[in-house]
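# no letters, just coordinates:
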């Protein structure tokens with residue numbers, strides 16, 4: 001075991017159902033008993049979040065125990081491997097194309113790379129909201145560096161558990177329990193709360209001398225893990241490399257504006273006219289219509305600025321609605337506006353082809369955003385190839401190599417969500433093309449009968 005490895009191991013065999021850890025609530029650090037209200041500028045009262053209350057409780061605990069050689073404080077890391085410590089070059093290269101790098105801010109349409117830690121904005125928030133609370137309720141004169149370290153401590157080590165309290169679901173800092181490492185696949189124990197204590201029991205027989213791991217969060221995907229804890233589990237990385245479905249997939253986020261502009265570009269191209277002519281030549285039952293003139297002015301405010309696409313349900317009602325509204329004839333638009341449309345609408349040959357063409361353009365643009373990564377003097381366009389190369393290293397991975405693995409895992413998992421959407425769109429096109437062939441066969445038979 002490496003000297004810097006932190007974890008909990010079984011010294012002897014443990015039977016299923018045995019209690020591994022029992023930590024009374026009184027031994028946890030949390031903000032459940034901290035005041036909820038505090039004053040900000042001009043005497044305005046504000047409600048403190050559960051996160052701020054936990055932060056204050058942790059500050060108070062440090063202040064009260066720092067000179068007592070407290071075992072818990074001694075066990076805490078002095079440095080954190082989180083996105084705070086990533087360079088701009090690492091974020092730009094290793095996470096290029098990922099959804100947080102291309103998000104649309106809700107306040108306007110400017111693109112923001114939300115992987116970046118905006119230290120200036122965080123410090124301003126600290127001065128405006130955090131420091132007043134600490135001074136009023138903890139009588140602490142903290143500084144920003146202490147605050148940023150506490151932020152990373154809570155982000156990487158605290159737990160949320162709704163069953164612990166109706167009014168305070170977390171965060172909780174849990175001594176000993178926070179030594180357990182994370183696995184997204186088949187954990188041996190789960191954190192529970194019963195009789196005013198945090199309890200972890202063996203959920204299967206555990207052999208001697210194995211590491212005891214649990215999951216830091218149900219359904220935690222690679223991107224969320226990197227954002228919150230600063231790492232991606234090796235199980236997720238190996239699953240991404242092998243193309244297995246063991247790990248949780250990572251959804252992608254597409255800006256509503258990107259979908260709309262792809263549709264507008266199709267409307268302004270020759271695609272609708274060519275498609276209408278083709279339908280007329282084939283004598284299809286579905287009929288085309290003229291493209292609406294108001295397509296750029298149609299109301300989409302009821303749709304979110306950023307649309308989530310999952311591998312499990314890529315062609316969601318939200319995405320179908322965003323991609324359909326611009327094409328609908330006026331009467332259909334007036335009937336459908338402010339309503340969500342589902343994929344069955346794409347059974348119409350004309351609309352299905354237009355929407356599918358638009359979505360394929362969106363997919364193509366977003367896949368192109370995953371820029372090549374340069375590693376050891378070579379350009380890699382294939383994330384799987386680079387991931388395999390890094391994992392094959394016989395030397396212990398450097399910090400930068402580990403960060404590269406995290407970025408590659410997120411990129412590969414995101415691409416799988418885009419590929420799932422592409423497969424769904426291609427299925428729509430295949431279905432429409434099959435109907436087209438059936439109609440052509442029917443027309444040919446009818447023509448032969450008329451000739452005979």
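Received it, and whenever you're ready, just let me know what you need. Owing to the predicted nature of the structure, the values given are computational and were not obtained by experimental measurement.
# which residues in the stretch 351-452 of the chain form strands?
373-375, 378-380 (DSSP state E, counting those that start in this stretch).
# and those strands, which is most packed in?
strand 373-375 (a mean of 16; mean count of other Cβ atoms under 10 Å). Heads up, the C-betas are built off the backbone N, CA and C, glycines and all.
# what distance do you get for residue 204 to residue 192?
Residue 204 is 15 Å from residue 192, where distance means Cβ to Cβ, to the nearest Å.
# then residue 255?
Distance from residue 255 to residue 192, by Cβ to Cβ: 40 Å.
# low pLDDT regions in the stretch 201-350 of the chain?
218, 244-248 (pLDDT under 70).
# hmm, 80 instead?
Residue ranges of the stretch 201-350 of the chain with pLDDT under 80: 217-220, 243-249, 337-338.
# the strands in it, which residues?
213-214, 252-255, 306-309.
# check contacts around residue 240.
222, 247, 387, 408-409, 412-413 (Cβ atoms under 8 Å, 6 or more residues apart in numbering).
# ok, residue 11 next?
Taking Cβ under 8 Å, 6+ apart as the test, what residue 11 contacts is 208-209.
# now do the SS call for it.
Secondary structure, DSSP: H, G, I helix; E, B strand; the rest coil: residue 11 is coil.
# dihedrals phi and psi, it?
phi -80, psi -30 (degrees, to the nearest 10).
# sorry, back to before: buried ones among the contacts of residue 240?
If you count burial by 16 or more other Cβ atoms under 10 Å, the buried members of these come out as 222, 247, 387, 408-409, 412-413.
# among these, name the ones in helices.
Assigned to helices by DSSP state H, the following of the buried ones among the contacts of residue 240 qualify: 222, 387, 408-409, 412-413.
# sorry, back to before: how about the strands of the stretch 351-452 of the chain in a markdown table, adding distance to residue 267 and mean pLDDT?
Below are the strands of the stretch 351-452 of the chain laid out as a markdown table (distance: least, Cβ to Cβ, whole Å; pLDDT from 0 to 100):
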| stretch | distance to residue 267 | mean pLDDT |
| --- | --- | --- |
| strand 373-375 | 36 | 96 |
| strand 378-380 | 37 | 97 |
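# still on that earlier bit, tell me the one of the contacts of residue 240 nearest residue 188?
Set against residue 188, the nearest of these by Cβ to Cβ is residue 247 (17.4 Å).
# what is the burial count for the nearest residue to residue 340 once chain neighbours are set aside?
Sequence neighbours aside, residue 317 is the residue nearest to residue 340 in space, at 4.3 Å (criterion: Cβ to Cβ, 6 or more residues apart in numbering). A count of neighbours around residue 317, defined by other Cβ atoms under 10 Å, yields 14.
# for the closest residue to residue 289 other than its chain neighbours, give its distance to residue 296.
Of all residues not flanking residue 289 in the chain, residue 329 sits nearest, at 4.8 Å (Cβ to Cβ, 6+ apart). Counting by Cβ to Cβ, the gap from residue 329 to residue 296 is 16 Å.
# tell me which of the strands of the stretch 201-350 of the chain sits most buried.
Highest mean neighbour count among those (mean count of other Cβ under 10 Å): strand 252-255, with a mean of 23.
# what comes into contact with that one?
99-100, 102-104, 305-309, 319, 362, 366, 414, 417-418.
# one step back: wait, the residue nearest to residue 340 touches residue 341, no?
Yes: using Cβ atoms under 8 Å, residue 317 makes contact with residue 341 at a distance of 6.4 Å.
# now do the helices in the stretch 1-150 of the chain.
Assigned by DSSP state H, counting those that start in this stretch, the helices in the stretch 1-150 of the chain fall at 50-65, 71-75, 88-94, 119-125, 131-137, 144-157.
# format those as a markdown table; extra columns: mean neighbour count.
Formatted as a markdown table, those follow (neighbours: other Cβ atoms under 10 Å):
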| stretch | mean neighbour count |
| --- | --- |
| helix 50-65 | 19 |
| helix 71-75 | 12 |
| helix 88-94 | 16 |
| helix 119-125 | 12 |
| helix 131-137 | 18 |
| helix 144-157 | 17 |
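# hang on, the earlier thing: by pLDDT, rank the buried ones among the contacts of residue 240 and give me the bottom one.
Scanning those for pLDDT, the low point is residue 247. It has 54.
# in contact with residue 251, which residues?
Contacts of residue 251 (Cβ under 8 Å, 6+ apart): 99, 221, 308-311, 414, 417.
# at 10 Å what do you get?
The neighbours of residue 251, taking Cβ atoms under 10 Å, 6 or more residues apart in numbering as the test, are 99, 221, 223-224, 308-314, 413-414, 417.
# now residue 76
Residue 76 sits in contact with 62, 70, 149, 153, 157, 173, 175, 178, where contact means Cβ under 10 Å, 6+ apart.
# can you list those in a markdown table and add distance to residue 56?
Shown next, in a markdown table, are the contacts of residue 76 (distance: Cβ to Cβ, whole Å):
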| residue | distance to residue 56 |
| --- | --- |
| 62 | 11 |
| 70 | 18 |
| 149 | 15 |
| 153 | 13 |
| 157 | 16 |
| 173 | 12 |
| 175 | 18 |
| 178 | 19 |
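# out of these, flag the one nearest to residue 425.
residue 157 (42.1 Å).
# nearest spatial neighbour of that closest one, chain-adjacent residues omitted?
Take residue 157 and drop its neighbours on the chain: the residue closest to it by Cβ to Cβ, 6+ apart is residue 178, 4.6 Å away.
# cool, residue 61 as well?
Closest to residue 61 by Cβ to Cβ, 6+ apart is residue 29, at 5.2 Å.
# my guess is the one you found contacts residue 54. True?
Yes: look at residue 29 against residue 54 with Cβ atoms under 10 Å: they come within range, at 7.3 Å.
# need the residues touching each of these two.
154, 158, 171-173.
# for these, which one is nearest residue 301?
Taking the shared contacts of residue 29 and residue 54 together and measuring to residue 301 by Cβ to Cβ, the closest member is residue 171, at 34.6 Å.
# can you count the residues close to the spatially closest residue to the closest one that is not a sequence neighbour?
Once flanking residues are discounted, residue 171 sits nearest to residue 158: 3.4 Å by Cβ to Cβ, 6+ apart. Close neighbours of residue 158, defined as other Cβ under 10 Å, add up to 21.
# related to what we said a few turns ago, by neighbours, which of the contacts of strand 252-255 wins?
residue 414 (27 neighbours).
# what sits against that residue?
95, 97-99, 221-223, 249-253, 309, 311, 366-367, 370.
# circling back to that earlier point, among the shared contacts of residue 29 and residue 54, find me the one that's closest to residue 238.
Of all the shared contacts of residue 29 and residue 54, residue 158 has the smallest distance to residue 238: 27.3 Å, by Cβ to Cβ.
# so the closest one makes contact with residue 169?
No: Residue 158 lies out of contact with residue 169 (Cβ under 10 Å); the separation is 11.4 Å.
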